[in-house]
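>>> what shape does this take:
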Amino acid sequence: MDRPFDVLQNEAYELIRPHEQMLPFVFASPHSGDNYSKEFLAQSRLDAIAIRRSEDCFVHELFGRAPALGGPLICALFPRAYLDPNREPYELDPKMFADPLPSFVNSRSARVSVGLGTIARVVSNGAEIYRKKLSFAEVERRIDRLYFPYHAMIKQLLVATRAKFGAAVLVDCHSMPSTGTAIEGDSGRRRSDFVLGDRFGTSCDPAIVDLFENCLTAMGYSVARNDPYAGGFVTQNYGRPNSGIHALQVEVNRALYMDESTITRASGMAKLVEDLGKLIASLATVDPRALRAPPQVFADAAQ
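Here you go, the predicted model:
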């Protein structure tokens, strides 16, 4: 029997797309890539486990039922420690580089200040990644080869989805450590099962956020909004409700499905995959006509 979806894979991402898209939703996993090149590992001072501390392990599997249920799923294949697509393209720390950075680089963002720019200086527990400084030319190659193609495909998917349904919703899929970190300002705090980030109500229609929260709480999960994650560059950049494109960041507590110390799947993963499949199936109740932007705004945004 033919699979109800197509798979496109290149160096930057894997796209799993249903033969016929039935949902006005696009699912993206920017941080679950695990293609660690020998060259990158040789540059790093971290061992094979420590280098993965920033990886949203197995998230593409958690949301893996989306294509069969009618929504495309795009997954970055490169690791977050190598390149972070949930940042501006040139959000860089000058201290990491052997040569001066161009003037267009954003070196003053809050993320850069804690070592988590487009090219991260540290993994999530604060451990330094690199043995020595990098060249800007090398980093520019990473961005051109991986970052821009990944975002180009997200844009293509959102534009096509909006054209088909009149509106599009990007679900940016992540996972989070079960206990708070100093970097996020919630050190030692036990986190909710899910955190929904909509940039404090600006990136997504509240009805969509309500639907996610109500479905998850009905299944027995605890849900927080915008604390400690309100959504990163992807949510902020693509979430334009007035132009018919919405973006919601979904953070999953890693304790639900994996052993955080060994970075292996745990017994709870099968149930979580099943429950997230039910969540995705519930999205078929969304009427995209209710999410459409006012006609004039939509026309202006398309120009």
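>>> where in the chain is pLDDT low?
1-2, 292-303 (pLDDT under 70).
>>> which parts of it are helices?
Per DSSP state H, the chain carries helices over the ranges 38-43, 59-62, 110-113, 136-142, 148-165, 206-218, 233-238, 269-282, 295-302.
>>> wait, which of the ones you listed is closest to Leu15?
For Leu15, the closest of those is helix 148-165, at 6.3 Å, according to CB to CB. C-beta: built from backbone N, CA, C; applies to glycine.
>>> gap between the closest one and the chain center?
Mean C-alpha position of helix 148-165 versus that of the full chain (CA atoms, centre = their mean, to the nearest Å) differs by 15 Å.
>>> likewise for stretch 87-101?
Distance, centroid of stretch 87-101 to centroid of chain: 22 Å (CA atoms, centre = their mean).
>>> do the same with stretch 60-78
The chain centre lies 12 Å from the centre of stretch 60-78; the measure is CA atoms, centre = their mean.
>>> stretch 168-180: which residues count as buried?
168-178, 180 (16 or more other CB atoms under 10 Å).
>>> want to throw the residues you listed into JSON lines with distance to Arg289?
Output for those, formatted as JSON lines (distance: CB to CB, whole Å):
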{"residue": "Ala168", "distance to Arg289": "13"}
{"residue": "Val169", "distance to Arg289": "13"}
{"residue": "Leu170", "distance to Arg289": "19"}
{"residue": "Val171", "distance to Arg289": "19"}
{"residue": "Asp172", "distance to Arg289": "24"}
{"residue": "Cys173", "distance to Arg289": "25"}
{"residue": "His174", "distance to Arg289": "29"}
{"residue": "Ser175", "distance to Arg289": "33"}
{"residue": "Met176", "distance to Arg289": "34"}
{"residue": "Pro177", "distance to Arg289": "39"}
{"residue": "Ser178", "distance to Arg289": "39"}
{"residue": "Gly180", "distance to Arg289": "40"}
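>>> mind listing which of these are in strands?
168-176 (DSSP state E).
>>> quick one on the thing from earlier: Arg45: which of the buried residues of stretch 168-180 is nearest?
Distances from Arg45 to the buried residues of stretch 168-180, taken by CB to CB, are shortest for Pro177, at 21.3 Å.
>>> close enough to count as contact, that closest one and Glu251?
No. Using CB atoms under 8 Å, Pro177 is not in contact with Glu251, being 10.0 Å away.
>>> which of the helices of the chain is buried the deepest?
helix 59-62 (a mean of 23; mean count of other CB atoms under 10 Å).
>>> which neighbouring elements make contact with that one?
Contacts defined by 3 or more CB pairs under 8 Å, 6 or more residues apart in numbering; DSSP states H and E place helix 59-62 against strand 168-176, helix 269-282.
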